[in-house]
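J.: pasted the sequence and its predicted model underneath.
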Amino acid sequence: MAKIFPLSEFNSLRTPFYFYDLPLLDQTLAAAKEAAGSPLYKIHYAVKANANPLLLKRISGAGFGADCVSGGEIQQALENGFAPESVVFAGVGKSDAEIELALEAGIGCFNVESRPELDVIAEIASRMGKVARVAFRVNPDVDPHTHKYISTGLKENKFGISPELLAPLVETAVSNPSLDFVGLHFHIGSQITEMGPYELLCERINALQDEWNAKGITFKTINVGGGLGIDYQNPDANPVPDFRGYFDVFRRGLKLREGQELHFELGRSLVAQCGSLITRVLYVKEGLSRKFAIVDAGMSDLIRPALYQAYHKIENISSPDAPEQAYDVVGPICESSDRFAEQCMLPEVKRGDFLALRSTGAYGEVMAMNYNCRPHPSSFAL
């Protein structure tokens, strides 16, 4: 069934803007919580996917934690209802000011990515009279079979610590009174739609746990990151991802120790399908062999197609029943990469029609910029 957009509401709004379907968001959050099931399974929402307060308040209100990768995200999370102890802080380049902010707030855990970072966190915590809870992000060398820009768990990626280099860091974390070592963290990539990489991740984690348990070291938490993908091709057929299948992989494959918590960091899968970028057609330009639907949204509003060659389903929501024609859907930015689709079959478009770029609730509005001195898109939710 095709999604019904509130066109009467849209007519009074300046385009482009992001439209959020809050009932679908609520449905998705409920499905994720139900599929996780166990009270030992803790879900942190990856704020980098979308930091709109309308969504953050909804997600924190549903009882999720927050996965943050900057001090700004930590502030946004705290201002929108996330409990400090539910916040985890990842990223390869945490600044001193960000570490101080996180320690002062009393966040749940730093996901540490290098020896120099561990030393700085320990020094700052000692100076502030705080104890920093830390987990080590381990690079498990698992191929997620996704775009190279969103693959994060291979040996050549900048993220994480090789297992071979872990021993001296664990020794430091266990012995330093300014550090509370809680566990291991993993994240292999994003938009993962096959369960095979997660099954391999479970094998790598099991082997690591066995190795460290034999040395007398146990972990309170294991954090497997996130990365679960969505269906960009058919958002109406699959508006809610297969959370049950995702969590079942870890239920079957991970050998958790008694009382051990398993943490997840889901972003795209929670918010992508509830968002659409709404844009108006400015002109229909006739070329020699192509028609161009020139819209008022550009790569400054949604950069994923230009950056990743990402696909978003496009719909003519003003004239859904018109005969179809092929269009290149392009924006107004002075770049040839400012293109959302080539030879896209759409119901015949005319000036003033609304087009919806679907599945843009993740990495859409949050990545918008002011290139060409364009204003950021606004947002609207029902």
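T.: Okay, I see it.
J.: show me the contacts for the residue nearest to residue 203 when sequence neighbours are not counted.
T.: Counting by Cβ to Cβ, 6 or more residues apart in numbering, residue 203 lies nearest to residue 253, which is 7.2 Å off, once chain neighbours are set aside. All C-beta spots, glycine's among them, are computed from the backbone N, C-alpha and C. Applying Cβ atoms under 8 Å, 6 or more residues apart in numbering, we find residue 253 in contact with 198, 199, 202, 203, 206.
J.: need the pLDDT of the fourth one.
T.: Just to be clear, that refers to residue 203. Note for residue 203: predicted pLDDT of 94.
J.: count of neighbours near it?
T.: Residue 203: 14 surrounding residues under other Cβ atoms under 10 Å.
J.: before we move on, what about the second one?
T.: Residue 199 has 15 neighbours, counted by other Cβ under 10 Å.
J.: how close does it get to residue 362?
T.: 24 Å (Cβ to Cβ, to the nearest Å).
J.: swap in the third one?
T.: Residue 202 sits at a distance of 25 Å from residue 362 (criterion: Cβ to Cβ).
J.: tell me which of those two has more neighbours.
T.: More crowded of residue 202 and residue 362, by other Cβ under 10 Å: residue 362, with 25 against 21.
J.: and the more buried one, helix, strand or coil?
T.: coil (DSSP: H, G, I helix; E, B strand; the rest coil).
J.: what sits against it?
T.: Going by Cβ under 8 Å, 6+ apart, residue 362 touches 49, 50, 230, 267, 268, 271, 272, 275.
J.: run the last query once more with 10 Å
T.: 46, 48-50, 190-191, 230, 267-275, 304 (Cβ atoms under 10 Å, 6 or more residues apart in numbering).
J.: for residue 51, same thing?
T.: 68, 70, 72, 73, 76, 77, 80, 365, 366.
J.: how many other residues sit next to residue 83?
T.: 15.
J.: that one against residue 44, yeah?
T.: No. Using Cβ atoms under 10 Å, residue 83 makes no contact with residue 44, being 11.1 Å away.
J.: next SSE after the longest strand seen in the chain?
T.: Using DSSP state E, we find that the single longest strand of the chain is strand 275-286. Later in the chain than strand 275-286, the nearest helix or strand by DSSP states H and E is strand 291-295.
J.: what sits up against the helix or strand following that following strand?
T.: The helix or strand immediately downstream of strand 291-295 is helix 304-308, counting by DSSP H and E. The contact list for helix 304-308, computed with Cβ under 10 Å, 6+ apart, reads 146-150, 191, 232, 298-300, 310-312, 329, 331, 333, 335-341, 357, 359-360, 362-364, 367.
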